[in-house]
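Novice: A predicted structure for the sequence below; I have some questions about it.
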Amino acid sequence: MTVRCTQKLLKAMRVAPRSLSDANSEPDDWYANLLWFDRRKCLLLTHADTLFPIFIADVLAADLRDLAELVRRNAQVALYDEHLPPDALGDLTTPLELARTASRRILGVMTDDAYGCEAAVVHAGGLERLDTLDLNRRLRRTLHSGPNGYERPLDAVKARVRD
């Protein structure tokens, strides 16, 4: 499992650039960005092929040290919540490889989702009052433009499962 991290996240994780993988971009890569709300670290994950987002609130430094487990656990919960099979987003059990981001399109989608997360936090009255389950469900139903036109991430995952 390759997780493509933004510079902000790599800095927070204290990852040396030379330790990053040179893996080619694959459809089942995950992109990860560090967000800050109410002085707390949050993580926004996005599956490269489907743009399936996962917002994780209140991430601890210890969680970032075991990023593979954090991604696996939250992806499994998200898939279960949406009534999707556990392998709908690829094999989540493979060893973790960290890499730099490789797609500006995916980063643009993540920026849009980050603004949505910020608006949700403000609307809820703070991170403590935010219903992250509801936010994640709304993010997965947000239209994004992709190579095949406009599509919701949840619909993209369901199409993968059907194929």
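Specialist: Ah, there it is.
Novice: list of residues touching the host helix or strand of Gly116?
Specialist: Element membership of Gly116, judged by DSSP states H and E, is helix 104-124. For helix 104-124, contacts defined as CB atoms under 8 Å, 6 or more residues apart in numbering pick out 6, 31, 33, 35, 37-38, 42, 44, 46, 48, 51, 53, 55, 101, 127, 130-131, 135, 138-139, 142, 144, 146. (Each C-beta comes from the backbone N, C-alpha and C, glycine too.)
Novice: and the residue most central in space within the chain, helix, strand or coil?
Specialist: Nearest residue to the geometric centre of the chain (CA atoms, centre = their mean): Leu45, 1.0 Å. Secondary structure for Leu45, judged by DSSP: H, G, I helix; E, B strand; the rest coil, is strand.
Novice: now the helix holding Gly116: mean pLDDT?
Specialist: Mean per-residue pLDDT for helix 104-124: 95.
Novice: before we move on, the earlier item: any of the contacts of helix 104-124 buried? List them.
Specialist: Taking 16 or more other CB atoms under 10 Å as the criterion, what is buried in those is 6, 31, 33, 35, 37, 42, 44, 46, 48, 51, 53, 55, 101, 127, 130, 135, 139, 144, 146.
Novice: around Lys78, count how many other residues there are.
Specialist: Quick fix: residue 78 reads Ala, not Lys. 26 (other CB atoms under 10 Å).
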